[in-house]
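Asker: Provide a 3D model corresponding to the input given below.
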Amino acid sequence: MYSSYSLIKLLVCFYILCIQVLIRSVSSLNLTNAYLHHKCLASQGKYKQGSAYEENLNHVIDHISTYHFRDGFKHTSHGDAPNSVNIVFQCRGDSYGSKCGSCYATAVAGFRKRCQRYKGGIIWYDQCFLKVSTINTPPTKMDYENTFPMHNPNNVNGDTQLFDQNMKDFLYELALKADKPKADGSGLLYYATGEKVLGKNKVYAMVQCTLDIFHCKVCLKWCIKELSKCCEGKQGARVLGTSCNVRYELYPFTRT
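Answerer: Next up, the predicted model:
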């Protein structure tokens, strides 16, 4: 029979064990916000300190920082040509709200550091991307130029060709899901995640489009084709852009 002291000690140990399990489970999701890549848009030139462009840039950046990021997306412009500033910012579909605001601050700091005085640039992190430009791209035009692939260096075990085909089919399924209307009728989902057993592997995948483009499914299908060009048989891979992106891994990496 336990004494009261022993019982308290047992409960404390159990509580600590639960916390450790929770920390491990969160860590296993790889919920990081690592820097992934950046591209300074050199063709758009540089601005001078104290210029009208810098004033407009600071205005837009400060304006967006007051946004609550409930839907994880912001596309806004300020100023007149040739000093107009256009910003597109989007968080991953499971990183809205305060997490999105934190990623915005990180992205702004990263852009200022890596593309000093450039009028335009793009920076990607694990949970968001930021694009600054002098050009306001219309929603009918997909940005297929500013994209890049990443992949795990390790290959899957077994029939890699079959895995690639099954993975492509799975991503197409998610692309169709992302292109469906929201339950409240406020627009299209433009984001979908899922998990599926493919042979001996359980895979986790995500697709997402920026909320202001017209043809999400078309953009995602393009990314899926690009994925098959760069990353055959890999345990994990992604193609990121400023209009849409796709990703799969052999471990869970999103919160939902």
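Asker: from here on, contacts and neighbour counts on C-alpha atoms
Answerer: OK.
Asker: Can you list the residue ranges for helices in the stretch 1-150 of the chain?
Answerer: 4-28, 52-65, 98-114 (DSSP state H, counting those that start in this stretch).
Asker: what about the shortest one, distance to the chain center?
Answerer: For helix 52-65, the separation from the chain centroid amounts to 23 Å (computed by CA atoms, centre = their mean, to the nearest Å).
Asker: how about low-confidence regions in the stretch 151-256 of the chain?
Answerer: By pLDDT under 70, the weakly predicted segments of the stretch 151-256 of the chain are 256.
Asker: All the strands of it, residue numbers only.
Answerer: 191-198, 201-209, 237-240, 244-249 (DSSP state E, counting those that start in this stretch).
Asker: tilt between the longest one and strand 244-249?
Answerer: What that stands for is strand 201-209. If you take axes from the mean of the first three to the mean of the last three CA atoms, to 10 degrees, strand 201-209 sits at 170 degrees to strand 244-249.
Asker: What lies in contact with strand 201-209?
Answerer: Outside strand 201-209, the residues that touch it by CA atoms under 8 Å, 6 or more residues apart in numbering are 92-93, 171, 174-175, 178, 190-197, 216, 219-220, 243-253.
Asker: Could I get the full set of helices for the stretch 151-256 of the chain?
Answerer: 160-178, 216-230.
Asker: So which elements touch the last one?
Answerer: Helix 216-230 sits against strand 148-151, helix 160-178, strand 201-209, strand 237-240, strand 244-249, with contacts defined as 3 or more CA pairs under 8 Å, 6 or more residues apart in numbering; DSSP states H and E.
Asker: which of the residues in that helix are buried?
Answerer: By neighbour count on 16 or more other CA atoms under 10 Å, the buried set for helix 216-230 is Cys216, Lys217, Cys219, Leu220, Lys221, Cys223, Ile224, Glu226, Leu227, Ser228, Cys230.
Asker: export those to CSV and tack on distance to Pro149?
Answerer: CSV is the format used below for those (distance: CA to CA, whole Å):
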residue, distance to Pro149
Cys216, 19
Lys217, 19
Cys219, 15
Leu220, 14
Lys221, 15
Cys223, 9
Ile224, 11
Glu226, 8
Leu227, 7
Ser228, 10
Cys230, 7
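Asker: tell me the two of these that are most distant?
Answerer: Greatest spatial distance among the buried residues of helix 216-230 (CA to CA): Cys216 and Cys230, at 21.5 Å.
Asker: tell me the contacts of His215?
Answerer: By CA under 8 Å, 6+ apart, the neighbours of His215 are Thr140.
Asker: Let's see that with 10 Å instead.
Answerer: Applying CA atoms under 10 Å, 6 or more residues apart in numbering to His215 gives the contacts Pro139, Thr140, Lys141, Met142, Asp179, Tyr190, Cys209, Ser243.
Asker: Also Phe214?
Answerer: Neighbours of Phe214 in contact, by CA under 10 Å, 6+ apart: Pro138, Pro139, Thr140, Lys141, Met142, Leu188, Ser243.
Asker: Of the residues you listed, which is the most crowded?
Answerer: Ser243 (26 neighbours; other CA atoms under 10 Å).
Asker: on that earlier part again, among the strands of the stretch 151-256 of the chain, which is the most enclosed?
Answerer: Comparing the strands of the stretch 151-256 of the chain by mean neighbour count (mean count of other CA atoms under 10 Å), strand 244-249 ranks first with a mean of 25.
Asker: For that strand, which helices and strands make contact with it?
Answerer: Using 3 or more CA pairs under 10 Å, 6 or more residues apart in numbering; DSSP states H and E, the elements in contact with strand 244-249 are strand 148-151, helix 160-178, strand 191-198, strand 201-209, helix 216-230, strand 237-240.
Asker: Repeat the analysis, applying 8 Å as the threshold.
Answerer: strand 201-209, helix 216-230, strand 237-240.
Asker: now those as a markdown table including distance to Ser84?
Answerer: Output for the helices and strands packed on strand 244-249, formatted as a markdown table (distance: least, CA to CA, whole Å):
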| stretch | distance to Ser84 |
| --- | --- |
| strand 201-209 | 25 |
| helix 216-230 | 27 |
| strand 237-240 | 26 |
